[in-house]
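Enquirer: Only the shape, not the letters, is given here:
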């Protein structure tokens, strides 16, 4: 399995010649550093929740123009897709689906508290290896994962809670996500100060990925 990150919470998982795309949202493309064309076509696309930094309808249409991907998501997002005439396969917490060779297990993961409407959020465990929690540090039904996509910066989190969440799941590797709120010069200081030492001391490889990097697991 190869994992790539395309800014913020957008990940691509490559396995046996197929590509699964998670949360291609506005924050990945808004500054023009990368485009959907840079990410490339996907065979499967999944969404954790409807916030624009995780679901950008314009970008989604670009991806579907490149390749008719199978979209897997929950009912709340399905309603939005239906209004655009975009087909999807529905999945809810506790269910396991498959698409193009990928196993997708949906897990209850309530969106963390914010002072606006709180959307429905699902976490996904991909091929039993990678967990993407969306905007949640409370994922039900999993005790350990090999690779954790770890939200590190958001209006709804504290660094101490992020560290506790990572330690609870004890992954081999933690890939920081949800970090486009923070400029690179700040990330270069915060990550070595807060996250890397606290996770390294318990045996977790804290692995930031740029859009030119990849992680083989």
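Expert: Perfect, thanks for sending it. In this text, all values refer to a predicted model and were calculated from it rather than measured experimentally.

Enquirer: burial of residue 181, as a residue count?
Expert: Counted with other C-beta atoms under 10 Å, residues neighbouring residue 181 total 14. Using the backbone N, CA and C atoms, a C-beta is placed for each residue, glycine as well.

Enquirer: Next: residue 24.
Expert: Using other C-beta under 10 Å: residue 24 sits among 28 other residues.

Enquirer: was I right about it contacting residue 40?
Expert: No - using C-beta atoms under 8 Å, residue 24 is not in contact with residue 40, being 11.2 Å away.

Enquirer: tell me, what's touching those two both at once?
Expert: Contact criterion C-beta atoms under 8 Å, 6 or more residues apart in numbering; residues shared by residue 24 and residue 40: none found.

Enquirer: What mean pLDDT does stretch 132-146 get?
Expert: Average pLDDT, stretch 132-146: 97.

Enquirer: so how far does that stretch reach from one end to the other?
Expert: 12 Å (C-alpha to C-alpha, to the nearest Å).

Enquirer: Check stretch 29-40 too.
Expert: This stretch, stretch 29-40, spans 13 Å end to end (C-alpha to C-alpha).

Enquirer: For that stretch, give the mean pLDDT please.
Expert: When pLDDT is averaged along stretch 29-40, the result is 96.

Enquirer: Please apply the same query to stretch 51-64.
Expert: For stretch 51-64, the mean confidence score works out to 98.

Enquirer: what about it, distance to the chain center?
Expert: On the basis of C-alpha atoms, centre = their mean, to the nearest Å, stretch 51-64 sits 14 Å off its chain's mean C-alpha point.

Enquirer: now stretch 10-23
Expert: 11 Å.

Enquirer: just stretch 85-92 next, same as before
Expert: 18 Å.

Enquirer: now stretch 73-84
Expert: How far stretch 73-84 lies from its chain's middle: 18 Å, per C-alpha atoms, centre = their mean.

Enquirer: now that stretch: mean pLDDT?
Expert: Summarised as a single mean, pLDDT over stretch 73-84 is 97.

Enquirer: who's in contact with it?
Expert: 46-47, 49-50, 55, 57, 61, 71, 87-92, 106, 119-120, 122.

Enquirer: Which pLDDT value does the model give residue 172?
Expert: With respect to pLDDT, residue 172 scores 98.

Enquirer: quick one, what contacts it?
Expert: Contacts for residue 172 (C-beta under 8 Å, 6+ apart) come out as 146, 147, 204, 205, 217.

Enquirer: Against residue 162, how distant is it?
Expert: Here residue 172 is placed at a distance of 17 Å from residue 162 (C-beta to C-beta, to the nearest Å).

Enquirer: next one: residue 6
Expert: From residue 6 to residue 162 the distance is 21 Å (C-beta to C-beta).

Enquirer: helices or strands next to the strand ranked longest in the chain in the packing?
Expert: The single longest strand within the chain, with elements called by DSSP state E, is strand 102-108. Contacts defined by 3 or more C-beta pairs under 8 Å, 6 or more residues apart in numbering; DSSP states H and E place strand 102-108 against strand 18-22, strand 44-46, strand 96-99, strand 122-126.
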